[in-house]
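Engineer: Here is my input; please provide its structure:
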Amino acid sequence: MKYSKRYQTCWHDTDACRRMRPSQLLVYMQEASNHHVADTGMTLDDLRDEKKLGFILSKIQIAIYRPLVAYEDIQVQTWTCKGRGFSSPRCFRILKDGEVVAEANSQWALLGIEDRKFHRLEETGYQFEDEEPLALDIPPRIRFPAELALEKLGERRIVYSDLDYNMHMNNTRYPDMLCDYMPLADVGCIRGLSLSYLHEAAFGNVMTVLGGKHDGSYYFRTLNEEGTVCLEAQILLN
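Structural biologist: As a prediction, the model looks like this:
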């Protein structure tokens with residue numbers, strides 16, 4: 001069953017061109033899912049403190065149909081889909097006056113805070129009414145073109161403003177970070193993002209950002225100091 005929350009977008013959500021920054025789309029989507037979880041009887045903080053479990057995002061594909069601006073009244077819908085094994089799929093939709101302006105499919109996993117093992121959703125006690133996933137015009141998997149040679153674009157230290165309560169970079173911080181390595185004109189042409197979170201980026205760590213543009217998309221890969229891949233991403237342009 002779809003769960004819905006209403007919000008008004010903020011002036012501070014927007015960028016130099018008065019469009020909502022890509023990271024803020026994730027914020028509104030995940031705020032709605034946080035409320036969905038809490039309304040079943042246990043907040044994410046309760047899940048962490050009482051059951052020593054937390055949800056981590058592994059993949060998300062976001063389709064953007066039109067940009068949002070400040071002070072728009074929006075409706076954010078979210079729902080779960082039938083998962084397999086340790087995977088917990090969840091969908092999102094953002095509407096303005098009944099018009100769909102953005103949609104997303106995502107995959108989550110439930111991780112033990114102390115044992116660092118994956119757990120099944122049934123262990124939480126949450127009960128959701130699953131619906132079908134969305135059909136998006138966004139590749140479900142990121143495939144780096146063989147002819148694309150990624151270049152080192154820079155280094156990025158993980159600092160206080162990036163952190164979630166696990167002392168790692170919050171997943172919502174990544175899209176804006178990647179946009180920092182794109183021309184402003186191209187940021188305004190984003191029609192979709194595909195993000196694959198492979199390893200957590202810890203506080204104080206310095207990430208190396210690799211990237212390149214090919215056939216209307218930007219491709220990114222970030223590495224931690226040990227050389228482990230933290231994130232792979234494709235940003236699609238109109």
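Engineer: The residue nearest to residue 168 when sequence neighbours are not counted: what's it in contact with?
Structural biologist: Spatial nearest neighbour of residue 168, chain neighbours left out: residue 200 (4.1 Å); criterion: CB to CB, 6 or more residues apart in numbering. Just so you know, the C-beta spots here come from the backbone N, C-alpha and C atoms, and that holds for glycine as well. Neighbour list for residue 200: 56, 166, 168, 169, 230 [criterion: CB atoms under 8 Å, 6 or more residues apart in numbering].
Engineer: Using the three-state scheme, assign residue 200.
Structural biologist: Classification of residue 200 using DSSP: H, G, I helix; E, B strand; the rest coil returns coil.
Engineer: one step back: can you select the buried ones among the contacts of residue 200 for me in ChimeraX?
Structural biologist: ChimeraX command restricting the contacts of residue 200 to the buried ones, with burial defined by 16 or more other CB atoms under 10 Å:
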select :168,169,230
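Engineer: chain center to the helix or strand encompassing residue 177, what's the gap?
Structural biologist: Per DSSP states H and E, residue 177 falls inside helix 174-179. Relative to its parent chain, helix 174-179 has a centroid offset of 11 Å by CA atoms, centre = their mean, to the nearest Å.
Engineer: Which residues does that helix contact?
Structural biologist: 21-23, 25-26, 156, 187, 190, 193, 195, 197, 209, 211, 218, 220, 231, 233, 235.
Engineer: CA-only coordinates of the lengthiest strand in the chain in CSV, if you can.
Structural biologist: For the chain, the strand with the greatest residue count under DSSP state E is strand 99-112. Taking Å, rounded to 0.1, in the frame of the first residue of the first chain, the C-alpha atoms of strand 99-112 are listed here in CSV:
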residue,chain,number,x,y,z
GLU,A,99,1.8,15.6,-11.9
VAL,A,100,4.6,13.1,-11.4
VAL,A,101,7.8,15.0,-11.3
ALA,A,102,10.2,12.3,-10.0
GLU,A,103,10.2,8.6,-9.4
ALA,A,104,12.7,6.1,-7.9
ASN,A,105,13.3,2.4,-7.4
SER,A,106,15.7,1.5,-4.5
GLN,A,107,17.2,-1.6,-2.9
TRP,A,108,17.9,-1.6,0.9
ALA,A,109,19.6,-4.1,3.2
LEU,A,110,19.2,-4.6,6.9
LEU,A,111,22.6,-4.6,8.7
GLY,A,112,23.4,-5.5,12.3
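Engineer: so what does the helix or strand following it touch, helix or strand wise?
Structural biologist: As assigned by DSSP H and E, the chain's next helix or strand after strand 99-112 is strand 118-119. Strand 118-119 sits against strand 99-112, with contacts defined as 3 or more CB pairs under 8 Å, 6 or more residues apart in numbering; DSSP states H and E.
Engineer: Kindly state the beta-bridge partners for residue 78.
Structural biologist: In this structure, residue 78 bridges to residue 3, residue 92 when assessed by DSSP bridges.
Engineer: thought residue 95 was touching residue 75?
Structural biologist: Yes. Counting by CB atoms under 8 Å, residue 75 is a contact partner of residue 95 at 4.6 Å.
Engineer: tell me the angle the longest helix belonging to the chain makes with strand 99-112.
Structural biologist: In the chain, with assignment by DSSP state H, the single longest helix is helix 22-38. For helix 22-38 against strand 99-112, the angle by axes from the mean of the first three to the mean of the last three CA atoms, to 10 degrees is 60 degrees.
Engineer: Cool, thanks, talk later.
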